[in-house]
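[1] Whatever this is, show me its structure:
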Amino acid sequence: MALAEDVYTTRVSGAPRVIDRPDPVFWGEARSAEYTDFERRGFLQREGVIGEADIATCLAEIDRIRKDPALRGDERIVREDGSDEIRSIFDILELSDAVRGVVAASGAYDIARDILGSDVYVHQSRLNYKPGFQGGAFYWHSDFETWHAEDGMPRPRAVSASIALTRNTEYNGPLMIMPGTQHHFVQCAGATPDDFYRESLVTTMPRIGVPDEDVITDMWHRHGIEVLTGGAGSMTMFDCNALHASGGNISPMPRANVFVVFNSVENVIREPFAGSAPRPGFLAKRPH
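    Sure, this is the predicted structure:
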C-alpha cells in the first residue's frame, strides 16, 4: 500500500513533535497472548532459542572475523571510537554461513512473519559486541526513525531480533526499552549530513536522529523503562519504532548479541525520506 503522504516526517527544522502512530504494531491475524503482549509493550522475550553448540559456533565466527586480515579495513567492521575493539560487525549473515544457519533455527523468521502479517526479508544484520570494560553505549532512539529518514523505509512494518550469545545482565550494557513508545512516532530535529552513517555508527551520542531530551524525559514519565536481561541463547524481538538504548559496559563481562532486522516484503524501502543519499547495502538491503 502506497503512502498518500509522509506521515512520519522527521529531521525537521522546527521543534520536533510526537505523533500518534497511524499504523498497527501487530499486522498479523493469529493473535496469541504473547502477540497481544507484544502489541502492548513493543517486545517479547524467549529463553533458549539456540543451544550451547550454536552459541559456541557464533562466538567462534566472531573471533574468526575479528582476526581475518582480508577484513581489516572493511567498513562493515565497526570499531569503538578511539579503540581497536569491535563495536559491530555488519552483514553478519552474509559474512558467516554458520551464523545465518543459527538464526534460521532460532524461530525468529516465523515470529517476524506472524507479527508483520506477510513474508519477510532481512533489511540488516549485525553482531553487536560490548567487550568488558570498554563497550560503548547506544543512545536513546527509534530504529524506524533512522530507517525511514536515511534508508527510505515507508512504514514501521519491521521487527528486530536480538539473540544473546552471552548472558545479558543488568550490569553489562543490556537493552533498555520504553514499553508502549512504539505507539508514538518521535520526530527528530536537524538535517542529515552527507555520509552521516560513518559518524553515527561509532558515536555514543549522535548529533542527528535522536529525540530531544525533554521528549525522552516525557516518554519515561509516561511509559517507564524496562531493562531486558536474559541468558545466553535467549532472544528479544522488538518493534522497530520502540524507543530503546543501552548503556556502556564497564563490567568485566562481555556482551555479544546477533541482531537481525526483518522487514515486510510489502514495505520495501524507497529513496530516503530525509533527502540524503541512500546508505550502503550492508546497512539497508534493497531487494530486487
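
[2] The residue of the chain most remote from its centre: what's it in contact with?
    The centre of the chain is farthest from one residue, residue 69, which by C-alpha atoms, centre = their mean lies 27.7 Å away. By C-beta atoms under 8 Å, 6 or more residues apart in numbering, the contact list for residue 69 is empty. (Glycine included, C-beta is placed from N, CA and C.)

[3] gap between it and residue 94?
    19 Å (C-beta to C-beta, to the nearest Å).

[4] Next: residue 62.
    Counting by C-beta to C-beta, the gap from residue 62 to residue 94 is 15 Å.

[5] Looking at those two, which is more packed in?
    Per other C-beta atoms under 10 Å, whichever of residue 62 and residue 94 has more neighbours is residue 62, with 19 against 15.

[6] Just the pLDDT for that one.
    Looking at residue 62, its pLDDT is 87.

[7] what does residue 288 give?
    68.

[8] same thing with residue 2?
    Residue 2 is given a pLDDT of 47.

[9] show me where the stretch 51-200 of the chain has strands.
    77-79, 86-90, 120-130, 138-141, 158-164, 175-177, 184-186 (DSSP state E, counting those that start in this stretch).

[10] right, so of these, which gets closest to residue 8?
    Of all the strands of the stretch 51-200 of the chain, strand 184-186 sits nearest to residue 8, with 5.4 Å by C-beta to C-beta.

[11] Distance check, residue 96 against residue 68.
    Distance from residue 96 to residue 68, by C-beta to C-beta: 11 Å.

[12] between those two, who's got more neighbours?
    Remark: of residue 96 and residue 68, residue 96 carries more neighbours, 23 against 12, as counted by other C-beta under 10 Å.

[13] quick one, what contacts that one?
    58, 61, 65 are the contacts of residue 96 under C-beta under 8 Å, 6+ apart.

[14] out of those, which is most surrounded?
    Counting by other C-beta under 10 Å, top hit in the contacts of residue 96: residue 58 with 24 neighbours.

[15] I'd say it and residue 102 touch.
    Yes. Counting by C-beta atoms under 8 Å, residue 58 touches residue 102, with 5.7 Å between them.

[16] Can you pull the residues that touch both of those two?
    Common neighbours of residue 58 and residue 102 (C-beta under 8 Å, 6+ apart) are 50, 258.

[17] Determine the three-state secondary structure at residue 220.
    helix (DSSP: H, G, I helix; E, B strand; the rest coil).

[18] any idea how far the closest residue to it other than its chain neighbours is from residue 15?
    Spatial nearest neighbour of residue 220, chain neighbours left out: residue 178 (6.5 Å); criterion: C-beta to C-beta, 6 or more residues apart in numbering. Residue 178 sits 21 Å away from residue 15, going by C-beta to C-beta.
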